[in-house]
Structures are given as C-alpha cells and as structure tokens.
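Peer 1: I'll drop the sequence and a predicted model, then ask my questions.
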Amino acid sequence: MLETYIPIGIMIFFGVTFGVVMSKASEWFGPKNPTETKLSTYESGMEPVRSAHERVSVKYYMVAMLFIIFDIEVVFLYPWAVNFRQLGTFGLVEMVIFIAILMLGYLYLWKKGALRWD
Amino acid sequence: MSGIPLNYFVFLSAILFTIGVVGVLTRRNAIIVFMCIELMLNSVNLSLVAFSAFHGNTRGQILVFFVMAVAAAEAAVGLAIIIALFRNKQTVNIDEINIMKW
Amino acid sequence: MDFLGSELLAIAPVLSVTILSLLVLVVESLVTDSEKISYWVSVFGLLICGAISISTLDLTGNVFNHMVNVGGYGSLFATLFTTAALLTVVLSRDYLRKEHVSFGEFYLLILFSTVGMMLMAAAADLIIIFLGLELMSICLYVLAGFMRKRSISNEAALKYFLLGAFATGFLLFGIALLYGAAGTTNISYIVENYGKLAASPLFWVGLGLLMVGFAFKVGGVPFHMWIPDVYQGSPTTVSGFMATGAKAAAFSAFILVFAHQEFESGEKVHTALAFIAAASMIVGNIVAISQSNVKRMLAYSSIAHAGYMLAGLAAGNQLGRTGILFYLVTYTFMNIGAFGVLSVLEREEEKNLTFDDYAGLGTKRPFLAALMSIFMLSLAGIPPFAGFFGKYYVFVAAINAHLTWLVIVGVLTSVISVYYYLRLVMMMYFQESELQFTQPSSVSSLAVLTIAALAVVEIGVFPSSILSLINNLY
C-alpha cells in the first residue's frame, strides 16, 4: 500500500528541489553590490524608527481573548445547522437558549467596557 | 478511513501527545508551556475523530466539539492570568515565578 | 417538547444554580455598585438551590439520552456543593473587603464552579464529567488569581492553571482511549462490559490515564505538587472552597468511574489506588509537620485527607463508598471552618498566618480559638468529633478488603498528624504573645463558622443521621 504514496513523494521531491534551486540560483548568479539603503528594512518606504521587538498594547490581548471565546462557540451551530430539519422546533428552542446565554456574556463584557478601545 | 489503518492514527496522536508532555516538562516560557498543553489536547482530538470513524458513531466527534470550546475558554483564561502575572513580575519565565517553596 | 419539560425538572438542582449564576451575571452587567446585590442574590439563591437539591434526593434514573443521572448520589453531592458554596460566599465578603478586591464577580465564579461540580457528581457519561470538571476548574483558576495585584496570588493562579490544564490533557486522553476500546463514553456501559474490555490494552492505558487525571484533581501523591502552592497563594476562602468543594467533586467523579462491584476482581486498579493512598498519607502528614505557615500546613493536611479517602476507594466495597461519602461531608464542614477562621484572622499582605501568630489567641479571641480547636481536633480524628468516624469507616472498609497494611500506614500517619494539629491548639492556649488581633469579625462570618462547628459536633455525636442518608443511595 506504500506505492500509493509514490506520486506524493515525487511531488515533494520536485517541490523542494525547485524551491532550493531557484533561491540558491539567484544568490549565486545575481550581481551583488549592497548599499546602506538597500539593506534597510523597507528600501523605498518609511524609515523604521523603533525596534520591531516591542510590547504590544494589552488591548490587543483583550480583543484576542474575547474573539477566541465567541468565535469557537460558533462550532456548536454547525451540527445544529446540518440537522436543522430533523431537530425542528426543539432544536430551534435549544439554539435560542444557547445564543441567549452567550448574549448574557456579551452584555456583561459590553457593560464592563471590555470592548471600549480607549 | 479506507487504506489507512486505525493504528496509524493512534500512534500519531500518541506521538503528538508525548511531544506535548515533553514540551510542558522542559520548556520554561509559560506561553510555550501552554502551547504544548494545547498540542496535547489537539492530539486527543485527533484520536477521538479516528475512533469515531472506526466505531461508526458520532460520540467522539461530539466530544471534539466540546474539547475545542473548552480549550478556547482555557486559552482566554490562561492568557489573562499570564498578563496579570507579567504586569506584576515583568517575566513569564516559570523558573522565576518562585515565591512559594516548601 | 413534553419530554423536555420533565427532563428539565429532573435536573432541577443543576438548572437552578445555572439560572442563579446567569441572574448574578445580569446583575453584574446592569447594576452599578453591584457587589452588595450580587452577594444577597447569591446567598438567598443558594439557600433555595440547596432546598431544591434536597427535594430531588429520592429521584432515580437518567435523562438526556443517558447523559445525566437524576437524584440520589448527584443530589446528595449537589446539596454538599451548595452548602460549601454558601459558607464560602458568606465568609468571603469580609475577607474580600479586607483585601480590597470586593467585586461581585467573585460570587459569580463561585456559582459557576458549583454548577461544574454538580454536573460532575450527576454525570452518567465521561463527556459530562469532562465538561463539569472544566467548568469547575476554569472558574477556580480565575478565583485563585483573584487578588490580581498580588504576586503570590498570580503565582498560585499560573501554577494551578498550567498544572490543571496538563492534568486535563491526561484525563482527556484517558477518555479518548476508553472510547476507542468501548466504542462509547457511557460509564455504566463501560462498567457492565468490564470483563470483555479488560482484554484490550487500550482499555487499561485509558483507565490508567483517567486515574492520573482524577488523582491530580483530588491531590493524591505523586500528583499533589500543585496543592501547597495553590492553597497558600489563593485567597484564603477560595483555598477552603478548593479543599472541600473541588476535592469532593473530583472524588464524586472518581467514585462514579472507579468504585464498582465489577472492578472488585480488577486487582490492578485497587492496588494502584492503594499505593496512591499510602503515599498521600505519608507525604502529606510528614511534610505538614515542618510547616510554619498554617495555611500551607492545611494544604498538606488536605493531601493526607485525600489519602484517607482514597483508602476507602481502594477498598472498593460498599462500606468504602459509604465511608468516602461520609468523610467528604464531614471534611467539608471542618475544612471550610478551619480556612474560615484563618480568613477572619488574616491581615493584608499574608500577615497572621504563621503558627507563632496564633500564640495567645485563647485569651484574646476565646470564641474563635474554641472554634479553631474543634476543627483541628476533628481534622486530627479525635472522637467525639466527626473526623473520627470518617476515618473509622474508611479504615474498616480497607480491613474488610484485606488491605491491612494500608490501614496500618493510615493509623500511624494519623498519629503523626495529631502532633501538628494539636501544636496549633497548644499555641493558642498555652503561649503568650504581644500580637494583637484587632481585626473586627462580622456577625455573619462568626455565625457561619459556628454553624460549621456545630455540624462537626453534631455529625460526630450522631453519625447515623448522615449514614442513613448515604445508605439510602445504594
């Protein structure tokens, strides 16, 4: 059964070879005369003013945390949507209760100002 | 599932789980430790889905949904705890978090 | 829709606490200066929920497609959890004010974790155990770090979170492998087909991982390393709640999966449990001796008590199960009481927590000292207090199961434990110090502590009142 993997192996081989050959080829054959402007982060853009390794404002974490939670809850809507017809009214009521509980959480964080940016 | 035997899935998930466990035990950055824990949970998800297909019932897949939701809640709480800690101690290195010892 | 109505009625205990939590959530969202309202809503709500739990004690059966058990066992635990939550909520109010973290969210998190505990005890399926455990744990992670400006609380939260999530991974992998072996996550199916499944290595690995997960949550050695740090760093009343409610919840699930007649032939399971029990008793009691911080001493003592209860589980017989339930009920009152006294006497910045600080308490605060003595004597297992009968039933069960060596270890370590419990009592009554205990203590805290002490004495004098209740379950 391993022979079914041969095409995939060939694909991987050619993919890797192509990538390596192309990048190395430009490195070997291309002319090199580096100047200070060329070595800067954005050659024809803005001057970088600060270090890239900087602490991100904690507000982004806040948004990220809230996003993770509310985003993942959608996963429960999928099985319901797939079986929507069989479940009928019963399923609808269940889902409304589920969303309502989620909305209470949303109300809480809204009122507590978790969504306010400044 | 045709072609690939169940064993392969179980082995893969066991290997991923072990990588996660080793990561938790050896890494020192709280966030990376937490990512290793997530890897453990996801390896469990993999084996659950494989077993679910093997047994031909959906119970395992249902559990996967719950695991994903719980992992998300855990991630949010974990990030919040790590931020609170960082504000007080300016570090996320778990070797430096050592006020309490026996 | 008809069947849904009756099913909802059947899980009334869990449902009522859920609705109560959501109510407090709405109060928190809409009312400014909500702490006071949240507190009173929680207190009265929990009283009602407790009454509902008691009223469902006689029901039997399971609902929601064999997912949740009704009545009996689950309701007994539901009553225990609501009681623990109620005592914790009342004790916490003064404590939170003292520590300047007086937020209504505290009560909300206590309520949500109570819902998780109740689900665990009522579970008929491994999925429900997992969900209940996580609902409980995630709330407790936040509660451990509730004093967010304090490094020690942050540290406790991080340690609890990382190690708790780690243990959850093991538990979950165990569930996955059991599902792989059995093709279902239904507990009673797995137990009934034990003989057939025992041939499969998947089953044993799964059961072993599940045992690791549960042993971690109850704090059995060698999975106890988080307990001292977390209990010491968390707000004191939360430590009390973790040591009682969370531990009882973990035990309720542990019993559901592991304590069955079918497993009695399964020597391996019980031997493993017996070794964890013995290690917990030895490590918990011996390390507790060397502690100078009373909170940390109580943390190690809670490891030791987990060991005693695990001895009942290792016995694997009827008396063992009864013994653990009885032990959990008594342990809840005495430990919430002990942590409660600590929380009343504690001052900001973790002051007044060492043994030396308790010197002379007997003359300065005679009432609190008397309460603390009752809790300490009960924890030490000295009759006529409730702690004695808990240990007695568990040890008798272990002897019946031919685990005599375990009982010898248990009795010897109990004797060791008397030393450090009595050391605190001696400190309070036979030592003098200039330290002042000027902290005012509110009437409600003292009332709750008195109730806990009365319960300890009452159960100790009339153990049959609780025993008959437990025996009705089986």
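Peer 2: That came through fine.
Peer 1: any idea which element the spatially most central residue of chain B lies in?
Peer 2: By CA atoms, centre = their mean, chain B has its centre lying nearest to residue B:38, at 2.4 Å. Using DSSP states H and E, residue B:38 sits in helix B:30-55.
Peer 1: buried set for that helix?
Peer 2: For helix B:30-55, the buried set under the neighbour-count rule, 16 or more other CB atoms under 10 Å in any protein chain shown, comprises B:30, B:33-34, B:36-52, B:54-55. Placement of C-beta: from N, CA and C, glycine included.
Peer 1: by contact count, what packs against the longest helix seen in chain A?
Peer 2: Ordering each helix of chain A by length in residues (DSSP state H) puts helix A:84-111 first. On a contact count with 3 or more CB pairs under 8 Å, 6 or more residues apart in numbering or on different chains; DSSP states H and E, helix A:84-111 meets helix A:58-73, helix A:77-82, helix C:12-30.
Peer 1: quick one: that helix to helix A:58-73, angle?
Peer 2: Going by axes from the mean of the first three to the mean of the last three CA atoms, to 10 degrees, helix A:84-111 is angled at 160 degrees with respect to helix A:58-73.
Peer 1: For helix A:84-111, buried residues please.
Peer 2: Across helix A:84-111, burial judged by 16+ other CB under 10 Å covers A:87, A:91, A:95, A:105-106, A:108-109.
Peer 1: possible to save those as JSON lines with pLDDT?
Peer 2: Shown next, in JSON lines, are the buried residues of helix A:84-111 (pLDDT from 0 to 100):
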{"residue": "A:87", "pLDDT": "87"}
{"residue": "A:91", "pLDDT": "88"}
{"residue": "A:95", "pLDDT": "92"}
{"residue": "A:105", "pLDDT": "91"}
{"residue": "A:106", "pLDDT": "92"}
{"residue": "A:108", "pLDDT": "93"}
{"residue": "A:109", "pLDDT": "89"}
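Peer 1: Show the contacting residues for residue C:134.
Peer 2: By CB atoms under 8 Å, 6 or more residues apart in numbering or on different chains, the contact list for residue C:134 reads B:70, B:73-74, C:116, C:168.
Peer 1: what's the answer for residue C:259, then?
Peer 2: Taking CB under 8 Å, 6+ apart, we find residue C:259 in contact with C:313, C:316, C:320-321, C:324.
Peer 1: ok, so of those residues, who is nearest residue C:31?
Peer 2: Nearest to residue C:31 out of those is residue C:324 (CB to CB; 41.7 Å).
Peer 1: Which strands and helices lie in contact with the helix or strand hosting that closest one?
Peer 2: Assessed by DSSP H and E, residue C:324 sits inside helix C:318-345. For helix C:318-345, the packing partners by 3+ CB pairs under 8 Å, 6+ apart come out as helix C:73-98, helix C:236-241, helix C:247-258, helix C:294-315, helix C:366-380, helix C:386-400, helix C:443-461, helix C:464-471.
Peer 1: what's near enough to touch residue C:384?
Peer 2: By CB under 8 Å, 6+ apart, the contact list for residue C:384 reads C:457, C:460-461.
Peer 1: right, I mislabeled it, should have said residue B:70
Peer 2: Per CB under 8 Å, 6+ apart, neighbours of residue B:70: C:130-131, C:134, C:138.
Peer 1: switch the cut-off to 10 Å
Peer 2: Contacts here follow CB atoms under 10 Å, 6 or more residues apart in numbering or on different chains; on that basis residue B:70 touches A:72, B:41, C:130-131, C:133-135, C:137-138, C:165, C:168, C:172.
Peer 1: Likewise for residue C:454?
Peer 2: C:333, C:337, C:371, C:374.
Peer 1: Now do the first one against residue C:462, distance only.
Peer 2: In this view, residue C:333 and residue C:462 are 14 Å apart by CB to CB, to the nearest Å.
Peer 1: and what of residue A:107?
Peer 2: Distance from residue A:107 to residue C:462, by CB to CB: 48 Å.
Peer 1: which one of the helices and strands packed on helix A:84-111 has the lowest average pLDDT?
Peer 2: With a mean of 85, helix A:58-73 has the lowest mean pLDDT of the helices and strands packed on helix A:84-111.
Peer 1: Report how many residues lie close to residue C:41.
Peer 2: Each residue near residue C:41 was counted by other CB atoms under 10 Å in any protein chain shown, and the total is 20.
Peer 1: Actually, residue C:450.
Peer 2: Counted with other CB under 10 Å, the neighbours of residue C:450 add up to 15.
Peer 1: anything in the host helix or strand of residue C:113 near chain B?
Peer 2: Assigned by DSSP H and E, residue C:113 belongs to helix C:105-121. No. Counting by CB under 10 Å from any CB of the partner chain, chain B has no neighbours in helix C:105-121; the shortest distance is 10.6 Å.
Peer 1: okay, the angle between that helix and helix C:247-258?
Peer 2: Using the same axes, to 10 degrees: helix C:105-121 against helix C:247-258 is 20 degrees.
Peer 1: now for helix C:105-121, which elements pack on it?
Peer 2: helix C:12-30, helix C:35-55, strand C:68-69, helix C:73-98, helix C:126-144, helix C:236-241, helix C:247-258 (3 or more CB pairs under 10 Å, 6 or more residues apart in numbering or on different chains; DSSP states H and E).
Peer 1: now the helices and strands packed on helix A:84-111 in TSV, with distance to chain B and mean neighbour count?
Peer 2: TSV is the format used below for the helices and strands packed on helix A:84-111 (distance: least, CB to the nearest CB, whole Å; neighbours: other CB atoms under 10 Å in any protein chain shown):
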stretch	distance to chain B	mean neighbour count
helix A:58-73	4	15
helix A:77-82	7	12
helix C:12-30	15	21
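Peer 1: Out of the ones you listed, flag the one nearest residue C:387.
Peer 2: helix C:12-30 (27.2 Å).
Peer 1: quick one on the thing from earlier: narrow the contacts of residue C:134 to those in helices?
Peer 2: Applying DSSP H to these, the entries found in helices are B:70, B:73-74, C:116, C:168.
Peer 1: Relative to chain A, which residue of chain C is the closest?
Peer 2: residue C:29 (4.3 Å; CB to the nearest CB).
Peer 1: so what's residue C:370 up against?
Peer 2: By CB under 10 Å, 6+ apart, the neighbours of residue C:370 are C:361-362, C:428-429, C:450, C:453.
Peer 1: closest point of the stretch 351-474 of chain C to chain B, which residue?
Peer 2: residue C:353 (12.3 Å).
Peer 1: coming back round to it: now the helix holding residue C:324 and helix C:73-98, what's the angle there?
Peer 2: Going by the same axes, to 10 degrees, helix C:318-345 makes 10 degrees with helix C:73-98.
Peer 1: for helix C:318-345, what is the average pLDDT?
Peer 2: For helix C:318-345, mean pLDDT is 92.
Peer 1: Show me which residues of it are buried.
Peer 2: Buried residues in helix C:318-345, counting neighbours by 16+ other CB under 10 Å, are found at C:319-345.
Peer 1: the bottom helix or strand of chain A by mean pLDDT?
Peer 2: Lowest mean confidence among the helices and strands of chain A (mean pLDDT, DSSP states H and E): helix A:36-39, at a mean of 75.
Peer 1: meant to ask about chain C
Peer 2: Per mean pLDDT, DSSP H and E, bottom of the list for chain C is helix C:2-10, a mean of 74.
Peer 1: and residue A:49, helix, strand or coil?
Peer 2: With DSSP: H, G, I helix; E, B strand; the rest coil as the basis, residue A:49 sits in coil.
Peer 1: Surely residue A:31 is in a strand?
Peer 2: No. Assigned with three-state DSSP, residue A:31 falls outside any strand and is coil.
Peer 1: Point out the residues in chain B that sit beside chain A.
Peer 2: Residues of chain B lying near chain A (CB under 10 Å from any CB): B:3-5, B:58, B:61-62, B:64-66, B:68-80, B:82-83, B:86-87.
Peer 1: Can you list the low-confidence ranges for chain A?
Peer 2: Low-confidence segments of chain A, defined by pLDDT under 70: A:1, A:48.
Peer 1: can we see that at 90?
Peer 2: Low-confidence segments of chain A, defined by pLDDT under 90, span residues A:1-7, A:26-79, A:83-84, A:86-91, A:94, A:109, A:112-118.
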